[in-house]
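Asker: Sequence below, structure please.
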Amino acid sequence: MTHPADDKRSLFQRVVDDIVDQIRTGALHCGDALPTARKMAESYGVASMTAQRALRELQNLGLTYAVVGKGTFVHPLATQRIGTDGQPDPARSGTATMADDPDLNRRVAQFLLKQNEIAGRVVDAMMAKDVHGMNVAAQELADLNTAHQDLAEDIAKYKANAGIDPVDAAPAVPEPAKPRRARKPAK
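Answerer: Numbering: from 1, shown residues only. From the prediction side, this is the model:
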């Protein structure tokens, strides 16, 4: 990547802006892995430390999250967190609510990714009129919510400790679906 001489932005900010633009345009989707700092440094023609700073800034903006040993990924809410001008919107970023608890932020992101994956299977089954597949995926979604009730409690504790208004806070884990009673067959 060449750097125009009249561009006054710092190198790391140019990298951040390019990745934000890729998220905004759909070149990068929620859950996509970003290149390592070393590969990013090579592709943007910057130092490895500059690429690492860009990755940290993207995480601070709430657009990515890191999983130790796995890499850096686009956050499930990244597209919603980018303002209408194409720049990260601090009011939407969620960084004020969870950036200081990276473990909670990572767990919420992983939960949302899994939830979106299962919801996609529910929709696919619905489109295919596959009632059994839809029921299996819906049950998997209910099981996921039940298994992550601790996450909802951790978010609530975090909000209380940080003095965050529950309305402005990060997405909470929905209540598990209540089991439905089987219909009696029509006579």
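
Asker: alpha carbons only for contacts and neighbour counts from here, please
Answerer: OK.

Asker: where does the chain dip in pLDDT?
Answerer: Scanning the chain for pLDDT under 70 picks out the ranges 1-5, 83-101, 158-187.

Asker: Please, where are all the strands along the protein?
Answerer: For the chain, the strands defined by DSSP state E occupy 64-67, 71-74.

Asker: Quick one: those as TSV, columns for mean neighbour count and distance to K8 too.
Answerer: What follows is those, written out as TSV (neighbours: other Cα atoms under 10 Å; distance: least, Cα to Cα, whole Å):
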stretch	mean neighbour count	distance to K8
strand 64-67	22	25
strand 71-74	20	27
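
Asker: Same list (those) but as a markdown table, adding distance to P102.
Answerer: Putting these into a markdown table (distance: least, Cα to Cα, whole Å) gives the following:
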| stretch | distance to P102 |
| --- | --- |
| strand 64-67 | 8 |
| strand 71-74 | 13 |
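
Asker: Tell me which of those lies nearest to Q52.
Answerer: If you check each of the strands of the chain against Q52 by Cα to Cα, strand 71-74 wins as the nearest, at 10.8 Å.

Asker: Tell me the helices and strands packed up against that closest one.
Answerer: With contacts taken as 3 or more Cα pairs under 8 Å, 6 or more residues apart in numbering; DSSP states H and E, strand 71-74 sits against strand 64-67.

Asker: now for the longest helix anywhere in the chain, which elements pack on it?
Answerer: When secondary structure is assigned using DSSP state H, the longest helix within the chain turns out to be helix 102-127. For helix 102-127, the elements it packs on are strand 64-67, helix 131-147, helix 149-162, judged by 3+ Cα pairs under 8 Å, 6+ apart.

Asker: Next, the angle from the second one to helix 102-127.
Answerer: Going back to what we said before, that points to helix 131-147. Between the axis of helix 131-147 and that of helix 102-127 there is an angle of 160 degrees, by axes from the mean of the first three to the mean of the last three Cα atoms, to 10 degrees.

Asker: how far is helix 131-147 from where the chain is centred?
Answerer: Shown here is helix 131-147, whose average C-alpha point lies 21 Å from the average C-alpha point of the whole chain (Cα atoms, centre = their mean, to the nearest Å).

Asker: just stretch 58-68 next, same as before
Answerer: On the basis of Cα atoms, centre = their mean, stretch 58-68 sits 8 Å off its chain's mean C-alpha point.

Asker: Equivalent analysis for stretch 110-129, please.
Answerer: For stretch 110-129, the gap between its own C-alpha mean and the chain's C-alpha mean amounts to 16 Å (Cα atoms, centre = their mean).
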